[in-house]
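In: Quick one: sequence plus predicted model below, questions after.
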Amino acid sequence: MRDFIEQLGGRAIGTFRNVSGFCVFCLKCLREFLQGSFFNRAAFGILVMQIFFTAYQLLNFFVLLSAVFGSIFIGIVFQTVKSFGLVQYLGNIIMGVVVLEFSPLITVVLLALRSSSAVNSEIAVMKVNREIDSLESFGIDPVVYLFLPRIISFIISVTILSSLFAIIVLFSGFIFSSIIFEMSAGIFSEMITKSISVFDIIIFYMKTIVFGFFISVIPLYNGWRTEYRSTDIPVSVLRGMMGVFMSIVLVEVVSLVARFFLNSL
Amino acid sequence: MSESELKARAAAIRAEQRVGFVSPDIPLLSNLNVYDNISLVPRYLTDEKEESIRAEIERFLDLLEISDSISKKTFQIDSETLFKVKLFRALMLKDSVTVIDRPFVMLNTAADIKPVVKMLDTLELNEKKIIFFDFEWNKSKY
């Protein structure tokens, strides 16, 4: 019984330390962000490189994926709408489901798979090789030089790529609507503008910012707290990626609730 | 951080000076090339112009005949060049004491400090204070 209580207490303390450590880490990143530390020229160079790696290098593949995936999804939605006779709700379905929910979700999942795992392992390897200690020994703050540029680049990348995905999906929506429903461009754009509110746009961009923040800060934190052992690197990446996917689900649920609440006002 | 580095740092703090470490325990950044590793310190810590930083680094590299390594990553250079790059990085820290920790380990050499002394002479570091941290217990080698 005593062992059980000790185990339980140990786990509770461990979890509390982990959560509080994560919160302190986030607050430090936020403080440096508000102080504009990323304008330091060494850090700014890293920021530009990270945007290049995270968004620009992915662009061709992303546009292709958006066109293929978006068209398939729009096609399925249109066929379903037609067969159930829900044409009057077409605008709401396109904006509510495909653009506002689907675009950021697909973007963030793709970036998490491609870039979050890479960032997590990069920072973990740097920690194990004592490269982060090396930076600190020269008075270079790893939060300013390593972490902040990556967080900002993820936020910018998720926002830009989600918007791009939404534009491509809307364009394929227009093409499908003209084929399936013989809808003109004027009617299609009127239908879309009628079914979107300012709250929707605010939540869309808030969501992309929060997504970008979490899919960068969680792998960075997990990489940073890796022990000085190479065997700890895969454990750190595993923990980081689990955290990333849990945060994606959490943000998605919270944003849905917020949209429902704000639109019912 | 090793015990020797902690002691050196403590001594420097007492003297209110910064320490530029050249140590086997303080590596270069593996995702940066030689130039970026050396220029990182002044780029992050000072407002010195980019052209002046580049000119200083190129002069250093020329003096020690390792100019061809400027764009190489750390895994592409030998232990002697690695030592020189670590030394340059430490020297780029202005108003600091440079602590060279276990040079024999870094240079893979048994007992000859002459190449290091020659290297430092070549660089003409008149006002720079350089400490060999293992001097006390490795006196016979110096």
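Out: That came through, no problem.

In: measure residue A:53 to residue A:47 for me?
Out: 11 Å (C-beta to C-beta, to the nearest Å). C-beta here means a position set from N, CA and C on the backbone, and glycine is covered the same way.

In: Now the common contact residues for the two.
Out: Counting by C-beta atoms under 8 Å, 6 or more residues apart in numbering or on different chains, the common neighbours of residue A:53 and residue A:47 are residue A:153.

In: And the pLDDT at residue 107?
Out: In the absence of a named chain, this looks at chain A. Note for residue A:107: predicted pLDDT of 94.

In: that's the wrong chain, I wanted chain B
Out: pLDDT, residue B:107: 77.

In: and if you look at the one 3 residues further on?
Out: In this model, residue B:110 is scored at 58, pLDDT.

In: Flag every residue of chain B that's near chain A.
Out: B:1, B:5, B:9, B:18-21, B:25-31, B:40-41, B:43-45, B:89, B:93 (C-beta under 8 Å from any C-beta of the partner chain).

In: What ranges does chain B have for its strands?
Out: For chain B, the strands defined by DSSP state E occupy B:18-22, B:96-100, B:129-132.

In: got the contact list for the first one?
Out: Defining contact as C-beta under 8 Å, 6+ apart, one finds that strand B:18-22 is touched by A:137-139, B:5, B:8-9, B:12, B:41, B:83, B:86-87, B:89-93, B:95-101, B:103, B:106.

In: That strand to strand B:96-100, inter-axis angle?
Out: Strand B:18-22 runs at 30 degrees relative to strand B:96-100, counting by axes from the mean of the first three to the mean of the last three C-alpha atoms, to 10 degrees.

In: Next, the buried residues of strand B:18-22.
Out: By 16 or more other C-beta atoms under 10 Å in any protein chain shown, the buried positions in strand B:18-22 come out as B:18-22.

In: Among those, which one lies nearest to residue A:231?
Out: residue B:21 (27.2 Å; C-beta to C-beta).

In: For the closest one, give its distance to residue A:110.
Out: From residue B:21 to residue A:110 the distance is 41 Å (C-beta to C-beta).

In: what does residue B:28 give?
Out: Taken as C-beta to C-beta, the span from residue B:28 to residue A:110 is 33 Å.

In: So which of those two has more stuff around it?
Out: The neighbour comparison of residue B:28 against residue A:110 (other C-beta atoms under 10 Å in any protein chain shown) goes to residue B:28, with 23 against 19.

In: my read: that one touches residue A:135, true?
Out: No. Using C-beta atoms under 8 Å, residue B:28 makes no contact with residue A:135, being 10.7 Å away.

In: And the pLDDT at residue A:196?
Out: For residue A:196, pLDDT reads 85.

In: cool, and residue A:72?
Out: pLDDT at residue A:72 comes out at 87.

In: Now for residue 68, how many residues are close by?
Out: No chain in the question, so chain A it is. Neighbour number of residue A:68 under other C-beta under 10 Å is 12.

In: other chain: chain B
Out: 11.

In: Next: residue A:38.
Out: Residues near residue A:38, counting by other C-beta under 10 Å, number 18.

In: What residues does the nearest residue in space to it that is not next to it in sequence make contact with?
Out: Counting by C-beta to C-beta, 6 or more residues apart in numbering or on different chains, residue A:148 is the residue found nearest to residue A:38 once chain neighbours are left out, at 5.0 Å. For residue A:148, the contact set (C-beta under 8 Å, 6+ apart) comprises A:29, A:32-33, A:37-38, A:43, A:47.

In: What is the nearest of these to chain B?
Out: residue A:43 (7.5 Å; C-beta to the nearest C-beta).

In: For that closest one, give me the backbone phi and psi.
Out: Dihedral angles of residue A:43 (phi, psi; degrees, to the nearest 10) stand at phi -70, psi -40.

In: Can you report how many residues lie near residue B:71?
Out: As a burial measure, residue B:71 scores 10 neighbours (other C-beta under 10 Å).

In: Any buried residues in the host helix or strand of residue A:158, and which?
Out: Residue A:158 is part of helix A:148-180 when elements are defined by DSSP states H and E. By 16+ other C-beta under 10 Å, the buried positions in helix A:148-180 come out as A:148-166, A:168-170, A:172-174, A:176-177, A:180.
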